[in-house]
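K.L.:
with the sequence up front, the predicted model follows.
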Amino acid sequence: MKAPRQPSRLIVSLTIALCLSTLAAFSQNALIGKWADRDHKDKQVEIVLLNGKLVGRDHNGKLVFKDLVFDTKTNLYNGVLLNPDKEGETFKISISLLSVTEFTFKVKKYFFSKSFTFIRAN
C-alpha cells in the first residue's frame with residue numbers, strides 16, 4: 001500500500017499567495033461606495049477605484065480624497081484629504097474601516113488631529 005501523497009511546496013505557496021492577494025483586493029475595495037457623515041448626513045462622498053488607488057468625490061463631483069491605499073500591516077487606508085473649503089489645502093488622513101457600514105477617518109496637520117465617522121449611504 002502506498003503512503004498518501006503530500007502536496008508540493010509550490011502548490012501550497014501558490015495557494016497562500018492567492019489567498020493573500022484576494023484578501024488585499026477585498027480590503028482595498030471595501031471602501032468603494034457612497035458614504036455620509038454620521039453627524040451631517042448632507043455631507044456625502046462617493047469612493048471609487050481609479051488607477052489602482054481609491055479616490056472620493058463629494059456630491060458635486062469635486063475630489064475630496066485622493067491616493068487612498070490600503071496598508072495590510074496597519075489595516076488602515078492612508079491618503080490625502082483635499083480641503084473642500086480652501087483651495088490647495090491638503091491633509092494627511094488615515095481611514096479605519098469599523099464595519100462594512102461604517103468608517104472613521106483621522107485628519108492630521110502638524111500637531112492637530114480630528115476624527116470623523118461616516119456610514120454607508122443609500
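P.N.:
Noted; the coordinates are in hand.
K.L.:
and the helices in the chain?
P.N.:
Read by DSSP state H, the chain holds these helices, from start to end of the chain: 9-29.
K.L.:
find the nearest non-adjacent residue to the residue nearest the centre of it, please.
P.N.:
Closest residue to the average C-alpha location of the chain: residue 77 at 4.3 Å, with C-alpha atoms, centre = their mean. Leaving aside its sequence neighbours, residue 77 sits nearest to residue 95 (C-beta to C-beta, 6 or more residues apart in numbering; 4.0 Å). For glycine as for every other residue, the C-beta is placed from the backbone atoms N, C-alpha and C.
K.L.:
I'd say that neighbour and residue 35 touch.
P.N.:
No: if you go by C-beta atoms under 8 Å, residue 95 and residue 35 don't touch, sitting 10.2 Å apart.
K.L.:
bridging residues for residue 81?
P.N.:
Assessed by DSSP bridges, residue 81 has beta-bridge partners residue 65, residue 91.
K.L.:
pull the contacting residues for it.
P.N.:
64, 65, 90, 91, 92, 93, 105, 107 (C-beta atoms under 8 Å, 6 or more residues apart in numbering).
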